[in-house]
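Participant: After the sequence you'll find the predicted model.
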Amino acid sequence: MKKILVQKKVDVATFGAGCFWHVEEAFRTLKGVIETKVGFMGGKLKKPSYHRVCHGDTGHVEVVHITFNPKIISYKDLLDVFWKIHNPTTCHRQGLDIGEQYTSVIFYHTDEQKKLAEQAKKELDRSGLYSKPIATEIAKAAPFYSAEEYHQKYLMKRGLKTC
């Protein structure tokens, strides 16, 4: 008897919403999220290090790259979490973290993700929830560079929920 291998369909999403430790923790335990990786996207330097990105001259943003099962959690559900975990009205800043690496950004991987992100941004802007306009950038995904191993699951390894 032949075994039929059923391959699970997975998708990816990439978000920048401030310090990637906090952002990863917000997504890591969601049902349907298969894997999270912290790293960098959107800059001009190949293979950036955390040290270089922190200098603020590479153009990279700290991001969380998420692999998820869309049959369990939708991209729209991930967007809803993204909007709730940070202040999307600030440019290059989240809380006490200041610099271009902390830009609020949605990196889309498909035309459908772009459409959903733009729609969600417009809806949030119109909602009146914030007194300032939504500053979140929506950009085509660029190469993702994984951060050094000690940054991966940083808060979980230390028994923390937030920075």
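Facilitator: Structure received. Numbers count the residues shown, from 1 in each chain.
Participant: Okay, buried residues for the longest helix belonging to the chain please.
Facilitator: Using DSSP state H to define each element, the chain has its longest helix at helix 111-127. Residues of helix 111-127 classed as buried: Gln113, Lys114, Leu116, Ala117, Ala120, Lys121, Leu124, Asp125 (neighbour count, 16 or more other Cβ atoms under 10 Å). Every residue, glycine included, has its C-beta placed from N, CA and C.
Participant: Tell me how many other residues crowd Phe27.
Facilitator: As a burial measure, Phe27 scores 21 neighbours (other Cβ atoms under 10 Å).
Participant: In which helix or strand does it reside?
Facilitator: Using DSSP states H and E, Phe27 falls within helix 20-28.
Participant: Now do the very next helix or strand once past that helix: distance to the chain's middle.
Facilitator: Going down the chain from helix 20-28, the next helix or strand is strand 33-41, by DSSP H and E. Here the centre of strand 33-41 is set off from its chain's centre by 8 Å, with Cα atoms, centre = their mean, to the nearest Å.
Participant: One more: stretch 77-91?
Facilitator: Put simply, stretch 77-91 sits 9 Å off its chain's centre (Cα atoms, centre = their mean).
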